[in-house]
Structure formats: structure tokens, C-alpha cells
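Trainee: sequence plus predicted model, see below.
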Protein chains: 2
Amino acid sequence: MTTQARRQREYEQRETLLLDSARRIIRREGVSALTMDKLAAATEYAKGTIYKHFSCKEDILCGLCLDSLRHLHATFQQLSQFAGNTRSRMICLGIGYQLYTQRFPEEFDLLVAARSNNIREKASPQRLQQIDAADELVLNRIRELIVQAQEAGELTLPPRATVDDLCLGLWSVSFGLLALEHARDMIPGLDLTPPQPLLLQQISCLLDGYRWHPLSTETDYSAIYTAVYQHLQQLMSRE
Amino acid sequence: MTTQARRQREYEQRETLLLDSARRIIRREGVSALTMDKLAAATEYAKGTIYKHFSCKEDILCGLCLDSLRHLHATFQQLSQFAGNTRSRMICLGIGYQLYTQRFPEEFDLLVAARSNNIREKASPQRLQQIDAADELVLNRIRELIVQAQEAGELTLPPRATVDDLCLGLWSVSFGLLALEHARDMIPGLDLTPPQPLLLQQISCLLDGYRWHPLSTETDYSAIYTAVYQHLQQLMSRE
DNA sequence: GTCAGAAAGTGACGATTCGTCATATTGTCA
DNA sequence: TGACAATATGACGAATCGTCACTTTCTGAC
């Protein structure tokens, strides 16, 4: 049915428009400035129409997270074409994640917020489920790479560790570090390496600990880091 | 001045009472159920009185975080008396952190939430500053241990890494992993080691990567883990 | 082209929660 | 004991929420 399809398309376009408007408001005035009335005015739709899409304000925030996760996933997809040994390619994902949070700080902030009940309690179950699904897609990219490393003989997991354990470990240290990165400004007198190499250093040590070859003691990765970094920065700014 | 002092004490006691009430409401009915009117009714104080203590609802949430961080710090203090080599003692802190989040899940949830602008935008600057200060106290316990490890010759940091880098790395992986732990329930089909050893495994690999001796390949830590775990569990349940 | 019925869009409204502040109460000390 | 300060109160106006009865637009059969 052609009418049906067109309507569906229009609905999705409007959802995008609504999310874009919401994003703009948040970027300009902060999350607390986002109100349903304001969003309605900005998009020139009535409040009732917005409620056709989102069950509440928190649902919109989750909608933004979802969008953002899909973005991240797309980036990871592109990165998977990067050539090199599996370990460099994993580093590549780490750098991608970091650049992503730098380019979309508001979205990442929401991603952190969306981990807490404060938001989850109110958002619609469907939206939360979609977020989880998107999360999993991203995780799959990491998982894949670990499996490839095993197959390539570059990684042999310790006895009781599973692929998912390492996967979650990598995710944790990256998510944690980026989420805590604010601390850099907030906590005075913290003597840290600049942000860019800091995450790589942590990932690198973790990978050394898991004995993902070639170890950082065996190869000098710094040239590779720089190359990947520049490559990615171009890639992401182009969009 | 004696009157002054007594008033100050009463003020603090009431603040504790207010926070305890708020905590109870959140625990029973969720964060969104916490309203100023409800808290007023529960504590038998008027709303105006509550606003003498907290600038808004988010400020209360941050108050709870602060409380919780102080708790964590106290736990870390106690743990620093634990005997053993520096690496086991670091593991000890990790276990302490984990048990802490298990015992106070609501508080930890708030701690995650308080990292995002959603809350930070509204809370009072003083409270946020207090949180940062408390955060730093906790970090100092980790930092100390790293320095001790260096002094004991059990740890030699890689060329460009600072004490704070490692400190933040450990904090990140722990915070990240615990914050993402929900994922365990949410994301289906994740093949993970059970929660208790999972964090220890990550920390352990990270420490191996940093070459904090004795490495996990040199010593079997599992007996120590179990001992520390039981010791701590007793310690924390006693309170 | 027209029209009836379906689908989509609207915004006024009641309800909830917020934060304030003029007033009331309590406590202090000369 | 009383004057004054400190503290507590809760009624109130403002802001925001989410709903739903109504209006407008669209659709496809005739």
C-alpha cells in the first residue's frame, strides 16, 4: 500500500526533525531548557503531535541516545575496513569511540545519563529496548574483532575468560574513562597525560594484560596511533 | 559559642534525617517518586525548611551521592589496614568498591546519574564541589597505594605514564564495569563470567599490563581473592 | 468532483510539582 | 519577662506536564 508507506516515511522524517530540534535546544541551552512546549514551538508542531512520537521528555532523551548509538555503530562499521593486525584494529575502535565523544559531547552525556534510573524509569520500554539492541550491535563489532584475533592466533584468552569478558572489559574502561573525563576539569591537581593518549594507554595496558599480540613491548605502536588518529579525524569531520 | 554549636549540630542532624528519608523514598518507590512535598510529609517538616538545606531536588540527589562517597571513603580507609603486598591491597579496594555498589545500588545509580548534566545543571555549585572533594579523597587512597607499590619496588610505571594515569585507569575500569553491569540483565545472550570475579579479572589484567608485581602469572591470587572477599563481606555487613 | 469516514493534528485544560516569601512560631539573652 | 533574632511554615503563583475532545486534512469509492 503506497499511502501507508508514504505516511510511515513522513512519520520517520518528523521524528528526525523533532530529535534534531531537541538536540539543538539542548546544545544551546542545556538539558533542563528542553520542555515540551518549547520543542513544540521550535518545530511548529502542537504538543499533542509530539506526544504521538514520544511518551515524555525522558523518552526524547533516549531517542537522542539511540540516534547517537546508531551513529557510533556506523562509525565502527567503517572502521572495520581498516587494515592491519587485529590489535591495531581494536585500538582503532577505541580512537573512534573517543573522537565520537569529543564530537558529540551532549549525546555522550545523555548516554551516561540514560544508564541511570533517573531516566530509565520514565522512558518508554520500547525505546529502552531499542537502545539495548543498538548497544548490542556496537558490542558485536568489538566481539567480532576479538574472535578474529583468536582465529589469527594473535590472542589466546586466559583459562576462565570468555570473549564477552574481554569485550566488556574494553567497553568498561573506555566508557568509564570517557565518562570520568570531566573530572579532568573538575578535580584540580590531577596530574594526567593529555586525553588523547590516555585512553589508548589504558586500552594498551589492558590488551597487554590479556596478552593480545603483538604486545606494546614488542612493537612500537605510536606511529600507528598517530596515523589512525589522523585518518579518523578526517573521516569523522567529513560527515 | 555554645548555642551556635548546638544549632549547627541540629542542622546537620536534620540534614541527615532528610537524606535518610529521601533515600527511603527512592529505595521504595524510585527516584521519580521523590517530590519535595512528599519528603516534607515524610519528615514532618515544611517544604520551606527543606529548601533551607537543599536548593532543589537534584541537590538532594547530589547530597545522597556525597553521603555515599563518604561511605566509600570510610570503607577504603578501613581496607588500607589490610596486610599483604601492594597488589593484593589494590585488589582489596576493587572488591570493596564492588561490594559497596552491591550493598547500595540506589546510591551508585545516583553516582552515575550525577556525572551527567541532567543533574549537574541544577544542583548547587557548593554541593558539586563537595562531591568533587569527596571524589578526590577516594582517589587519594588509590594514589597512595600506587606510590607505595613504587616505593616497594613492586611497580615501575612505563615511561610516559604517571601515577594519576594508572589511578584513573583503575577507577575507570571499575566504575565503567559496575555502571554497565546492568547490561548483564538487559542485554540478552551475553556470555559473561559471574559478576564477582569479572571485575577482578579486568583489574588483574590491567595490573598485569602495567606490570604490577607479582603478576597473575607468577602467583595464584584466587585464594587471596576469596579470603579478602569474605573478610570484606563480614566487615560491610556488620555496619 | 463530491462526500463520508478515517487519520492526523491541535491547543486549551486540569493536574502536578516547583520554589518563594510574608507571616507565625520558637528560642535567646539582657 | 520582653524585645529581638533566628527559624519554621504552608499558601501561593508560576512552570511544566500529559490528555483528550474537537478541528482539520486526507483518502478512496462512487
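Mentor: It's in. None of the values given here were measured: they were computed from a predicted structure. Numbering: from 1, shown residues only, chains lettered A, B, ... in the order given.

Trainee: chain neighbours aside, what residue packs nearest to residue A:204?
Mentor: If the residues on either side of it in the chain are set aside, residue A:204 comes closest to residue A:216, at 5.0 Å by C-beta to C-beta, 6 or more residues apart in numbering or on different chains. Placement of C-beta: from N, CA and C, glycine included.

Trainee: following the chain onward from the helix or strand bottoming out on mean pLDDT in chain A, which element is next?
Mentor: Counting by mean pLDDT, DSSP states H and E, chain A has its least confident helix or strand at helix A:183-186, which shows a mean of 61. Downstream of helix A:183-186, the next assigned helix or strand under DSSP states H and E is helix A:195-209.

Trainee: returning to what we had before: contacting residues around the residue nearest to residue A:204?
Mentor: Going by C-beta atoms under 8 Å, 6 or more residues apart in numbering or on different chains, residue A:216 touches A:204, A:205, A:207, A:208.

Trainee: how many neighbours does the residue in chain A positioned nearest to DNA strand C have?
Mentor: Proximity of chain A to DNA strand C (C-beta to the nearest atom of the strand) peaks at residue A:48, 2.1 Å away. For residue A:48, the count of nearby residues is 8 (other C-beta atoms under 10 Å in any protein chain shown).

Trainee: dump whichever strand or helix holds it to CSV, restricted to CA.
Mentor: For residue A:48, the host element (DSSP H and E) is helix A:47-53. Output of helix A:47-53 as CSV, limited to C-alpha atoms (Å, rounded to 0.1, in the frame of the first residue of the first chain):
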residue,chain,number,x,y,z
LYS,A,47,2.3,19.4,21.8
GLY,A,48,-0.2,16.6,21.1
THR,A,49,1.7,15.7,17.9
ILE,A,50,5.0,15.4,19.8
TYR,A,51,3.3,13.0,22.2
LYS,A,52,2.4,10.9,19.2
HIS,A,53,6.1,10.2,18.9
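
Trainee: right, and the helix or strand after that helix?
Mentor: helix A:57-79.

Trainee: so how far is that following helix from its chain's centroid?
Mentor: Put simply, helix A:57-79 sits 7 Å off its chain's centre (C-alpha atoms, centre = their mean, to the nearest Å).

Trainee: what's in contact with the very next helix or strand once past that helix?
Mentor: Once helix A:57-79 ends, the next helix or strand along the chain (criterion: DSSP H and E) is helix A:86-103. The contact list for helix A:86-103 (C-beta under 8 Å, 6+ apart) reads A:71-72, A:75-76, A:79-80, A:82, A:84, A:108, A:141-142, A:145-146, A:148-149, A:152, A:154-155, A:170, A:174, A:178, A:181, A:195-196, A:199-200, A:203-204, A:207, A:212-214, A:221, A:224-225, A:228-229, A:232-233, A:236.

Trainee: how much space between the closest residue to residue A:78 other than its chain neighbours and residue B:162?
Mentor: Sequence neighbours aside, residue A:235 is the residue nearest to residue A:78 in space, at 6.7 Å (criterion: C-beta to C-beta, 6+ apart). Relative to residue B:162, residue A:235 is positioned 31 Å away (C-beta to C-beta, to the nearest Å).

Trainee: what's the answer for residue A:147, then?
Mentor: 35 Å.

Trainee: what of residue A:111?
Mentor: Between residue A:111 and residue B:162 the distance is 28 Å, computed by C-beta to C-beta.

Trainee: same thing with residue A:117?
Mentor: Computed as C-beta to C-beta, the residue A:117 to residue B:162 distance reads 35 Å.

Trainee: more crowded one of the two?
Mentor: For residue A:117 versus residue B:162, the count of surrounding residues by other C-beta under 10 Å is larger for residue A:117: 18 against 15.

Trainee: doesn't residue B:107 make contact with the more buried one?
Mentor: No: taking C-beta atoms under 8 Å as the definition, residue A:117 is not a contact partner of residue B:107, at 11.5 Å.

Trainee: so what does residue A:83 look like in phi/psi?
Mentor: When read as degrees, to the nearest 10, the backbone of residue A:83 gives phi -90, psi 160.

Trainee: got a pLDDT number for it?
Mentor: Looking at residue A:83, its pLDDT stands at 83.

Trainee: burial count for it?
Mentor: 7.

Trainee: mind listing what it touches?
Mentor: Taking C-beta under 8 Å, 6+ apart as the definition, residue A:83 has no contacts.

Trainee: how close does it get to chain B?
Mentor: Relative to chain B, residue A:83 is positioned 25 Å away (C-beta to the nearest C-beta, to the nearest Å).

Trainee: ditto for residue A:194
Mentor: Distance from residue A:194 to chain B, counting by C-beta to the nearest C-beta: 10 Å.

Trainee: got any ranges where chain A has weak pLDDT?
Mentor: A:1, A:182-189, A:238-239 (pLDDT under 70).

Trainee: who in chain A is up against DNA strand C?
Mentor: A:7, A:10, A:14, A:45, A:46, A:47, A:48, A:49, A:51, A:52 (C-beta under 7 Å from any atom of the strand).

Trainee: closest one to DNA strand D out of those residues, please.
Mentor: Nearest to DNA strand D out of those is residue A:48 (C-beta to the nearest atom of the strand; 3.3 Å).

Trainee: now residue A:149. Its backbone dihedrals?
Mentor: Main-chain dihedrals, residue A:149, degrees, to the nearest 10: phi -60, psi -40.

Trainee: just give me the neighbour total for it.
Mentor: By other C-beta under 10 Å, 24 other residues sit near residue A:149.

Trainee: any idea which helix or strand carries the residue in chain A that chain B sits nearest to?
Mentor: Proximity to chain B, evaluated over chain A using C-beta to the nearest C-beta, is greatest for residue A:176 at 2.6 Å. Using DSSP H and E, the element containing residue A:176 is helix A:163-180.

Trainee: ok, residue A:157 next?
Mentor: According to DSSP H and E, residue A:157 maps onto no helix or strand at all.

Trainee: leaving out sequence neighbours, find the closest residue to it.
Mentor: Closest residue to residue A:157 apart from its sequence neighbours, by C-beta to C-beta, 6+ apart: residue A:166 at 6.7 Å.

Trainee: just give the number of residues close to that neighbour.
Mentor: Using other C-beta under 10 Å, residue A:166 has 25 other residues around it.

Trainee: what's it in contact with, if anything?
Mentor: Shown in contact with residue A:166 (C-beta under 8 Å, 6+ apart): A:146, A:157, A:210.

Trainee: from those residues, pick the one nearest DNA strand D.
Mentor: The nearest member of those to DNA strand D, counting by C-beta to the nearest atom of the strand, is residue A:146 at 40.9 Å.

Trainee: the closest one touches residue A:163, doesn't it?
Mentor: Yes: using C-beta under 8 Å, residue A:146 makes contact with residue A:163 at a distance of 5.0 Å.

Trainee: who has more neighbours out of those two?
Mentor: Set residue A:146 next to residue A:163 and count neighbours by other C-beta under 10 Å: residue A:146 wins out with 22 against 19.

Trainee: how much space separates that one from residue A:51?
Mentor: Counting by C-beta to C-beta, the gap from residue A:146 to residue A:51 is 43 Å.

Trainee: what's the burial count for the residue nearest to residue A:229 when sequence neighbours are not counted?
Mentor: Nearest non-adjacent residue to residue A:229, counting by C-beta to C-beta, 6+ apart: residue A:95, 5.7 Å away. A total of 21 residues lie near residue A:95 under the criterion other C-beta under 10 Å.
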